[in-house]
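Colleague: My questions are about this predicted structure, shown below with the sequence.
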Amino acid sequence: MLHRQFTIWAEQSNEDTVELIAVDGVLEIKDQLKQYVDRGESLEPMNLLAFFLDTYETDAVGGATPETSSKTKPGPKAKERIAYLEGSGHGSKRRMVRNEGHETIPNFVGDLFPPNNVEELQDFYYASMLALLKPWRDLTQLKAPGETFAKAFSIFVSQVDESIRDILDNIQYHHVCVDSALQKRQQQMTEEEAPLVSIAVDDTPQDGPIQESVECIQEDVEYCQRDVDNTLAAQFAQEDRLFAEVALNIAADTGIWGNTEESVTTEWKPFSDMATMDDMSNFSVLERLVQEVTKDRSGPDKRNEIYPDLDQITRVKDIPADVQVIGDHQINMDHANGLNEDQRMAHDIVANNLRAHLEGRLPKQILMIVIGQGGTGKSTLLNTMMTTFEKQGAPHLLAKTALTGVAASLIGGTTLHWFAGLPAQKTPQSDVWPDNAAKYIRDRRSKNLIPPLWLTIDEAGMCTLDQLTLLSQVCGKARTEDGRSNATVPFGGMNIILIADFHQFPPVGGNNVALYCQPVQRNTAMVGKAVYLQFETVVILTKQWRI
């Protein structure tokens, strides 16, 4: 497994000189950056990400050198060990080059990389991406003298291959999702607060002035407590307004404004706009950057005391926050109160989909990934989801599986292979293989795969691209025959949650078969990759509960 952290700060002192400083409080991280700077000449084309991803440090014992690695020898090919630059102080240490098709993935410890669409962070973003993806030995090589980071980044992107562009896109995927969710939330709030009003102007020639007829199409508009609360929240509180009016009257009576005869209005307005969700997100990023630069906090961190509780602002007062309405019934959701914000987000996505299903609507299929390290509450989230289904009288609509028997026992589920009747040995390349199974296996598939609305797969980091294809095929076969779906929909239209920590156990029994790998030229692997790329709902659990 790979755990690497680096931070690159760009400090522009004038238009022509840019000083780049590598900063981190841990000496070990600095040493690891020095390993990259001192890499051997044959590793010169490697960028920082590829260096730590495709090589690792080892002693100069055995293995191959660049001079001997090309010689033909019987048996497995020896891994290449490359020395650091002479005189760089690494002694007998070498860099071992990993074999092609390895499944090591990077884990960037700390904050996410900055968004690329915030003006105040753009130089920081450009410098970070250049330092991560452009080969360099000296930080001054990241850009030419007198060149801006924006220009250097633009030139770099125009010269790289598609794989580097994919990395850049994936780094921004989280920010794009957050921005999209915020915009959708603000649009919904705006639509709720502004009922539709149509104004029709009658421009028919008349003897008198043009008559305007106003048609207010509000017959179908229903107002709820949320509308009242939002309207009140958008204005000053009545008590504050009364205090202000009294104060203004006293000030006028005492002549504090002189002998002006103009009346003092009490219709005062805010002197600044309220911060939007986008503003709060940008301020939070800027605050973290400032704290990292200064490394000196004069007092305790009290940010939680000043951040607004957005749930309190938008909460519907006539329905408690821990109650959901299903049809004519209210379902108590106390069991979900212990979830943190990220867990609650994943839970609510599933709960809202279930609610739409129970109300007779046809919710869109959701292919979802929940990612989190050990101890971030993945099993707790899954158990809470199960309780939600039970309280709504629909436990049969949620199926729990895992890739191993131990993991399945911890969540009260079954193994994915048994649940779906997947082949344990060979991977069939034909689409008709589900029909060749024994009758008892076909009956089990129908019993397990037709009823559920949601299927959860724990320890999905051990799942292969081929297994994902086979699962989609058997789900589609069972649910199509039952009339639940058509053959073109992945997994027969069933909602899927992959619960994983890709830095734990990789798939067993082969290389280059993990979900995040580029597929080999095998039908089931290529189809599995296409299916995996449709998992566009991603929730990342970051809060550590166990440690």
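Modeller: It's in. Because the structure is a prediction, the values reported are computed rather than measured.

Colleague: To what extent is residue 360 buried, counted in neighbours?
Modeller: Look at residue 360: counted by other Cβ atoms under 10 Å, it has 7 neighbours. For the C-beta atoms, the positions are set from N, CA and C on the backbone; glycine is no exception.

Colleague: Just read off the phi/psi values of it.
Modeller: When quoted as degrees, to the nearest 10, the phi and psi of residue 360 stand at phi 90, psi 0.

Colleague: so where's the stretch 401-547 of the chain shaky on pLDDT?
Modeller: Counting by pLDDT under 70, the stretch 401-547 of the chain shows low-confidence ranges at 482-487.

Colleague: in it, which spans are helices?
Modeller: 405-411, 416-420, 439-449, 465-481, 523-532 (DSSP state H, counting those that start in this stretch).

Colleague: Among the ones you listed, which comes closest to residue 361?
Modeller: Residue 361 sits nearest to helix 465-481 of all these, at 18.9 Å, using Cβ to Cβ.

Colleague: got the angle for the closest one vs helix 439-449?
Modeller: Between helix 465-481 and helix 439-449, the angle comes out at 80 degrees (axes from the mean of the first three to the mean of the last three Cα atoms, to 10 degrees).

Colleague: Just list the residues touching residue 371, thanks.
Modeller: Contact partners of residue 371, counting by Cβ atoms under 8 Å, 6 or more residues apart in numbering, are 500, 501, 502, 538, 539, 540, 541.

Colleague: sorry, back to before: buried deepest among the helices of the stretch 401-547 of the chain, which one?
Modeller: Stretch with highest mean neighbour count among the helices of the stretch 401-547 of the chain: helix 465-481 (a mean of 24; mean count of other Cβ atoms under 10 Å).

Colleague: who's in contact with that one?
Modeller: Helix 465-481 has contacts (Cβ under 8 Å, 6+ apart) with 416, 420-423, 427-428, 431, 433-435, 445-446, 449-450, 455, 485-487, 489-494, 513-515, 517, 519, 522, 524-529, 531-532.

Colleague: Name the residues of the longest helix along the chain that come out as buried.
Modeller: Longest helix of the chain, by residue count under DSSP state H: helix 162-193. Buried residues in helix 162-193, counted by 16 or more other Cβ atoms under 10 Å: 164, 167, 168, 171, 172, 175, 179.

Colleague: Kindly report the same for stretch 111-118.
Modeller: Neighbour-count burial for stretch 111-118 [16+ other Cβ under 10 Å]: 113, 114, 115, 116, 118.

Colleague: hang on, the fourth one is in a strand, isn't it?
Modeller: It stands for residue 116. No: counting by DSSP: H, G, I helix; E, B strand; the rest coil, residue 116 falls outside a strand, being coil.

Colleague: Do I have it right that it meets residue 125?
Modeller: Yes: using Cβ atoms under 8 Å, residue 116 is in contact with residue 125, at 5.0 Å.

Colleague: quick one: low-confidence ranges for the stretch 201-350 of the chain?
Modeller: 201-241, 257-274, 277, 291-331.

Colleague: rerun that using 50 as the cut-off
Modeller: 201-206, 208-219, 263-264, 266, 297-298, 303, 305-321, 328 (pLDDT under 50).

Colleague: Over to the stretch 1-150 of the chain?
Modeller: For the stretch 1-150 of the chain (pLDDT under 50), the answer is 1-29, 67-68, 70.

Colleague: One more pass at 70, please.
Modeller: The model of the stretch 1-150 of the chain has pLDDT under 70 over residues 1-31, 60-78.

Colleague: Could I get the CA-only coordinates of stretch 460-478 as PDB?
Modeller: Output of stretch 460-478 as PDB, limited to C-alpha atoms (Å, rounded to 0.1, in the frame of the first residue of the first chain):
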ATOM      1  CA  ALA A 460     -15.600  -4.100  -2.800                       C
ATOM      2  CA  GLY A 461     -11.800  -3.400  -3.100                       C
ATOM      3  CA  MET A 462     -11.400  -7.200  -3.600                       C
ATOM      4  CA  CYS A 463     -13.900  -7.200  -6.400                       C
ATOM      5  CA  THR A 464     -12.600  -7.700 -10.000                       C
ATOM      6  CA  LEU A 465     -13.800  -6.100 -13.200                       C
ATOM      7  CA  ASP A 466     -14.700  -9.600 -14.400                       C
ATOM      8  CA  GLN A 467     -16.900 -10.300 -11.300                       C
ATOM      9  CA  LEU A 468     -18.700  -7.000 -11.800                       C
ATOM     10  CA  THR A 469     -19.600  -8.000 -15.300                       C
ATOM     11  CA  LEU A 470     -20.800 -11.500 -14.200                       C
ATOM     12  CA  LEU A 471     -22.900  -9.900 -11.500                       C
ATOM     13  CA  SER A 472     -24.500  -7.500 -13.900                       C
ATOM     14  CA  GLN A 473     -25.200 -10.300 -16.300                       C
ATOM     15  CA  VAL A 474     -26.900 -12.600 -13.700                       C
ATOM     16  CA  CYS A 475     -28.900  -9.700 -12.200                       C
ATOM     17  CA  GLY A 476     -30.100  -8.700 -15.700                       C
ATOM     18  CA  LYS A 477     -31.000 -12.300 -16.600                       C
ATOM     19  CA  ALA A 478     -33.000 -12.800 -13.400                       C
END
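
Colleague: now the strands for the stretch 351-500 of the chain?
Modeller: 367-372, 398-402, 414-415, 454-458, 495-500 (DSSP state E, counting those that start in this stretch).

Colleague: who's in contact with the residue nearest to residue 54 when sequence neighbours are not counted?
Modeller: Closest residue in space to residue 54, ignoring its immediate chain neighbours: residue 98 at 5.3 Å, by Cβ to Cβ, 6 or more residues apart in numbering. Applying Cβ under 8 Å, 6+ apart, we find residue 98 in contact with 54, 55, 56, 79, 104.
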